[in-house]
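Q: The sequence and its predicted three-dimensional model are supplied below.
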Amino acid sequence: MNIENRLKILFEYAPDAYYLFDLKANFVSGNKAAEKLTGYRKEELTGKSFLNSKLLSADQMLKASGVFAKSLHQESTGPDDFLLNKKDGSQFLYPVAKIVLQHHEMFNCSGYPKGLTGKEILQETRIIAVADVVEAMSSHRPYRPALGIDAALEEIQKNRGILYDPKVVDACLKLFSEKKYKLE
């Protein structure tokens, strides 16, 4: 399987919710986690304007318009948080900035930039930490060949409760051992 197909699969089944937009703020795609989080199937949104969707409240619309305007001018927008509306009318804050900021934090406080530990680290970030190491170790890098999925799973098992959240490690190991998930 080529890298493009691998990325499509990783995107589709990523634990974090993602929507992709074009430069005109039209939905291009989304993943299963986004569907579960918002209640909208990606088919309901694809091709429609994000700015005209019911996902944003009126006060968040101005914020999103500014982000898209910066993107059109090829300016960095940086990570941001948005208060989104679910299909059922409830709301949730998606803390994108915090997730990105914490992505090098480790479960035992040995990470950076703040040296957070355990539950101080957002659950989404703890999931990304495990997914990132499994994908990175099992994939080819320009500076080294792929180490393989067995080495990646051994790494997370060895550092379960040390660098990585034990519940996330257990879920990942179960995914590969019991559910027979494969990175191809």
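A: Received the coordinates, thanks. Numbers count the residues shown, from 1 in each chain.
Q: Which of the three states applies to His103?
A: coil (DSSP: H, G, I helix; E, B strand; the rest coil).
Q: How much space separates Glu35 from Leu84?
A: As for Glu35, its distance to Leu84 is 13 Å (criterion: CB to CB, to the nearest Å). All C-beta atoms are positioned from the backbone trio N, CA, C, and that covers glycine.
Q: Could you check which of the two has the larger neighbour count?
A: The neighbour count for Glu35 versus Leu84, taken as other CB atoms under 10 Å, is higher for Leu84 (22 against 18).
Q: for the record, mean pLDDT for the host helix or strand of the more buried one?
A: Secondary structure assignment for Leu84, by DSSP states H and E: strand 81-85. In this model, strand 81-85 carries a mean pLDDT of 68.
Q: Just the pLDDT at Ala129, thanks.
A: pLDDT, Ala129: 88.
Q: for the closest residue to it other than its chain neighbours, which residues make a bridge with it?
A: Residue nearest to Ala129 in three dimensions, not counting chain neighbours: Tyr164, with 5.9 Å by CB to CB, 6 or more residues apart in numbering. Under DSSP bridges, the beta-bridge partners of Tyr164 are Arg160.
Q: What are the boundaries of the strands in this protein?
A: 19-21, 27-30, 81-85, 91-95 (DSSP state E).
Q: got the CA coordinates for stretch 105-113 in CSV?
A: The C-alpha trace of stretch 105-113 is given here as CSV (Å, rounded to 0.1, in the frame of the first residue of the first chain):
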residue,chain,number,x,y,z
GLU,A,105,4.2,15.8,27.0
MET,A,106,4.8,12.3,28.4
PHE,A,107,2.6,10.4,31.0
ASN,A,108,5.4,10.4,33.6
CYS,A,109,6.1,14.2,33.5
SER,A,110,9.3,13.8,31.4
GLY,A,111,7.9,15.6,28.3
TYR,A,112,7.8,19.2,27.4
PRO,A,113,7.0,22.2,27.3
